[in-house]
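Student: Model the structure of this input:
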Amino acid sequence: MPFVNIRINEGHSHERKDEIARRVVDAIHEVAEIPKTSIWVVFEDVSRDDWYVGPTRVSQMKKG
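Tutor: As a prediction, this is how the structure comes out:
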């Protein structure tokens, strides 16, 4: 059973996550030829204050 863990900046809607999950599941199903119900997708919402690109917080990058 594939397990897909997606870390994403917090604030994305459930509708957007539904669409991302659907596309990820469709791709794995198509390539691996396994049932869609065997594919797990988990979203981890990460605060922009806890996400860094290099030494810079994403929350600071958005301000510039």
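Student: for the top helix by length along the chain, what is the average pLDDT?
Tutor: Ranked by residue count and defined by DSSP state H, the top helix of the chain is helix 14-32. Averaged across helix 14-32, the pLDDT comes to 98.
Student: Work out the sheet partners of the next helix or strand along the chain from that helix and label each with its direction, please.
Tutor: Downstream of helix 14-32, the first helix or strand assigned by DSSP states H and E is strand 40-46. Here strand 40-46 has these sheet partners by DSSP bridges: strand 3-9 (parallel).
Student: Residue 51 against residue 57, yeah?
Tutor: Yes. Between residue 51 and residue 57 there is a contact under CB atoms under 8 Å: 7.0 Å. The C-beta positions use only the backbone N, C-alpha and C, and glycine is treated the same way.
Student: now for the longest helix of the chain, which elements pack on it?
Tutor: On a contact count with 3 or more CB pairs under 8 Å, 6 or more residues apart in numbering; DSSP states H and E, helix 14-32 meets strand 3-9, strand 40-46.
Student: Those: which one's closest to residue 28?
Tutor: strand 3-9 (7.4 Å; CB to CB).
Student: gap between residue 36 and residue 3?
Tutor: From residue 36 across to residue 3, the span is 14 Å (CB to CB, to the nearest Å).
Student: Counting neighbours, go ahead and name the busier of the two.
Tutor: residue 36 (11 against 8; other CB atoms under 10 Å).
Student: Nearest to residue 27, out of the helices and strands packed on helix 14-32?
Tutor: That would be strand 3-9 among the helices and strands packed on helix 14-32, by CB to CB, at 9.9 Å.
Student: Report the contact partners of the residue nearest the centre of the chain.
Tutor: Of all residues in the chain, the one closest to the mean position by CA atoms, centre = their mean is residue 6, 3.1 Å from it. By CB atoms under 8 Å, 6 or more residues apart in numbering, the residues touching residue 6 are 20, 24, 41, 42, 43, 44.
Student: Nearest to residue 14 among the residues you listed?
Tutor: Residue 14 lies nearest to residue 43 out of these, by CB to CB, at 9.6 Å.
Student: Hmm, residue 35 is touching residue 2, no?
Tutor: No. In this structure, residue 35 is not within contact of residue 2 by CB under 8 Å, at 10.7 Å.
Student: All good on my end, thank you.
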